[in-house]
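[1] sequence-free structure coming up:
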């Protein structure tokens, strides 16, 4: 990975941490969009992620906010079941 790519990658990670989700908007495959949110353990450590992938026709700009909220809410519920209180941030 070049220094430029590493810098870009680290900037994207910062954005993901700030927003609490990640979106792959055709970066890996044309016509495919993915969204994901972290799952935390009782210590506030990210232990997994929950995501979904589909075509850009199915996860279009109109439906993206709704799908993103469903993924984030589901990841939060799983985190809570893992003992995460949200107070460890």
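    Sure, I can see it. Everything numeric in this text was worked out from a predicted model, so none of it was measured.
[2] tell me how far residue 70 lies from residue 5.
    Going from residue 70 to residue 5 by Cβ to Cβ, to the nearest Å gives 31 Å. C-betas here are computed from N, CA, C, even on glycine.
[3] quick one: residues contacting residue 23.
    33-35, 64, 68 (Cβ atoms under 8 Å, 6 or more residues apart in numbering).
[4] ok so it is a strand residue?
    Yes - Residue 23: assigned to a strand according to DSSP: H, G, I helix; E, B strand; the rest coil.
[5] identify the bridge partners of it.
    residue 35 (DSSP bridges).
[6] just to revisit the earlier point, looking at residue 70 and residue 5, which is more packed in?
    residue 70 (14 against 9; other Cβ atoms under 10 Å).
[7] what about that one, which SS state?
    Going by three-state DSSP: residue 70 is helix.
[8] for this protein, what spans make up the helices?
    3-19, 64-81 (DSSP state H).
[9] give me the buried subset of the contacts of residue 23.
    33-35, 68 (16 or more other Cβ atoms under 10 Å).
[10] pLDDT score for residue 89?
    pLDDT, residue 89: 53.
[11] what's around residue 32, how many residues?
    Residue 32 is flanked by 15 other residues according to other Cβ under 10 Å.
[12] tell me how far it lies from residue 22.
    The gap separating residue 32 from residue 22 is 14 Å, by Cβ to Cβ.
[13] where does pLDDT dip in this protein?
    Filtered on pLDDT under 70, the chain yields the residue ranges 87-89.
[14] before we move on, the earlier item: adding distance to residue 15, write the contacts of residue 23 out as a markdown table.
    Formatted as a markdown table, the contacts of residue 23 follow (distance: Cβ to Cβ, whole Å):
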| residue | distance to residue 15 |
| --- | --- |
| 33 | 17 |
| 34 | 15 |
| 35 | 14 |
| 64 | 16 |
| 68 | 14 |
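[15] and which of those residues is nearest residue 16?
    Checking the contacts of residue 23 against residue 16 by Cβ to Cβ gives residue 35 as the nearest, at 11.1 Å.
[16] wait, that closest one sits on residue 19?
    No - the pair residue 35 and residue 19 fails to qualify as a contact (Cβ atoms under 8 Å) at a distance of 11.0 Å.
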